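# when you get a sec, could you give me coordinates for this:
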Amino acid sequence: MKLQELLKKWKQKSIITKTFVWFAGILLFLVMLTALPNIHTVFGFERPQIILAQSSTCRRARTGDPRDPSLANIPYLISPRHTLLLSNKPKLRWNSPLGVKQYTASLVKGDKTIWQTTTEQNETIYVGEPKLEPGVEYLLIITADNGKSSQDEEASQQGFRLLPTPEVGIVKAILDNQQLTDKNKALATAYIYSGFGLKAEAIDTLEKIIASGIKEAALYKKLGELYSETGVYVEAEINYLQGVKLAIAAQDIPEQAQISTALGELYVEIGDEKAAIKSFNQARDSYRTLGNTQRVKELNLVIEELKSI
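Predicted coordinates for the structure are as follows:
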C-alpha cells in the first residue's frame, strides 16, 4: 500500500474519531442552549447550524520544515491565519527574526490596504477601525526591516474572516452559561472556540492557561493540533514535543501515544521521514503497552512504508 493511501486512511479514521467527539460536544451545547429562556427569539435565528473548523480538504498555510534556517529570517504569520475570528480587534502575531528592530503590519482586503502600523514588537492589536466585516477575507502582511516579508513564506490560506453573525450569538450564549470556574472554564472555552473554527482565539486561550502556570500534556497537544491546522508547523512541533515530555513524566501512556502519532504525522507533512519513523515507533510502543493491537498493526504498516522511501 502506498504511503499516501495509508496515511489518508489513517487520517480518515482520526477525523471520524474527532468528529464523533465534537458531535458529542455539540449535542451538549445544544442541550445548554435549549435550557436558556427564549434564546432563539433573543438572537433572532432558528435552531442553530453550528460551523465547525474549516474543512480538512482546505489547503493549509504551511510554514514548512521548522528547522529550515531560512524560515527564521522571515516574519511569517503566527496568528491569525487560516481561521475564523470572534473579535473584531484581534491580536496580531508573527515570527521575530534575529536583529529586526521594526515591522510594518498591513491589513489587506482584496487588493487594498485598509490599515497599517509600525511597531518594534512582533505583535500588536488591531484597533478595530475600519471595522471588520463578516463574510470578508482579510490578510495580514508583515514587512521587517531586514527586507523580508510574511509573503516570502509563499503559503496559501493565510487569511482570516469574522465568524458569521448568527454563530456569534451561539458562541456567546454558550460561553456565558458555562457552569465552570478557573482552569476548567478556560479549557472549555478553548475547546468551544476550536469547535467553531475560532482557532486563533482557542490558541490564545490555551497559551494564557499555560502562562498562568498550568503545564499539562493535553494543553500542549491541543495547541500542537491547532498550530498544525493553521499551518504554523514551527509552533506545532514545539508544543507536541513539550506535550510528549510532560506525558512521559506523568506516565500518561494514552497521551504519549496520541501526541507521538500527531508528531509523526507532522513530520510526514514536512517531509522528514526519519523523524516521522522515530515518532511513530514511540507511538506504536505506547499503543502496544495499552494493548491496542489494531493501532500497532496500522503503525507498523506506516513505518514500513516510510522506511521504503
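
# please count neighbours and contacts with C-alpha atoms only from this point.
OK.

# name the residues that touch stretch 206-215?
By CA atoms under 8 Å, 6 or more residues apart in numbering, the list of residues contacting stretch 206-215 from outside reads 183, 186-187, 190, 219, 223, 246.

# closest to Glu120 out of those residues?
Comparing these against Glu120 with CA to CA picks out Leu223 as the nearest, at 26.4 Å.

# from Val171, how far off is that closest one?
The gap separating Leu223 from Val171 is 20 Å, by CA to CA, to the nearest Å.

# just say helix, strand or coil for the residue most central in space within the chain.
Nearest residue to the geometric centre of the chain (CA atoms, centre = their mean): Leu226, 1.5 Å. At Leu226 the chain is in helix, as set by DSSP: H, G, I helix; E, B strand; the rest coil.

# which residues does it contact?
Per CA under 8 Å, 6+ apart, neighbours of Leu226: 194, 199, 202-203, 236.

# those into CSV, with extra columns for neighbour count, pLDDT and secondary structure?
Formatted as CSV, the contacts of Leu226 follow (neighbours: other CA atoms under 10 Å; pLDDT from 0 to 100; DSSP: H, G, I helix; E, B strand; the rest coil):
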residue, neighbour count, pLDDT, secondary structure
Ser194, 22, 94, helix
Lys199, 31, 97, helix
Ala202, 26, 96, helix
Ile203, 24, 97, helix
Ala236, 25, 96, helix
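
# all the helices of the protein, residue numbers only.
Assigned by DSSP state H, the chain shows helices spanning 3-34, 39-43, 165-176, 182-195, 199-211, 217-230, 233-249, 253-269, 273-290, 293-307.

# buried deepest among those, which one?
Ranked by mean neighbour count under mean count of other CA atoms under 10 Å, the helices of the chain are led by helix 217-230, which reaches a mean of 24.

# contacting residues around the nearest residue to Gln242 once chain neighbours are set aside?
Excluding the flanking residues, the one nearest Gln242 by CA to CA, 6 or more residues apart in numbering is Tyr220, at 6.6 Å. Applying CA under 8 Å, 6+ apart to Tyr220 gives the contacts 239-240, 242-243.

# over to Asn239?
Shown in contact with Asn239 (CA under 8 Å, 6+ apart): 220-221, 223-224.

# again with Glu273
267, 306-307.

# and it, how far from Ile248?
Distance from Glu273 to Ile248, by CA to CA: 23 Å.

# what do you get for Glu153?
In terms of CA to CA, Glu153 sits 34 Å off from Ile248.

# can you check Leu85 too?
As for Leu85, its distance to Ile248 is 34 Å (criterion: CA to CA).

# what about the nearest residue to Ser150 once chain neighbours are set aside, how many residues nearby?
Counting by CA to CA, 6+ apart, Ser150 lies nearest to Tyr76, which is 4.3 Å off, once chain neighbours are set aside. Neighbours of Tyr76 under the rule other CA atoms under 10 Å: 27.

# next one, pLDDT for Tyr76 please.
Note on Tyr76: pLDDT of 94.

# residues contacting it?
Listed by CA under 8 Å, 6+ apart, the contact partners of Tyr76 are 63, 94-95, 142, 149-153.

# name the nearest of those residues relative to Leu175.
Trp94 (28.0 Å).

# which strand residues bridge the closest one?
Leu77 (DSSP bridges).

# correct me if wrong: it contacts Glu123.
Yes. Judged on CA atoms under 8 Å, Trp94 makes contact with Glu123 at a distance of 6.4 Å.

# give me the more crowded residue out of those two.
Neighbours were tallied for Trp94 and for Glu123 using other CA under 10 Å; the higher tally belongs to Trp94 (22 against 17).
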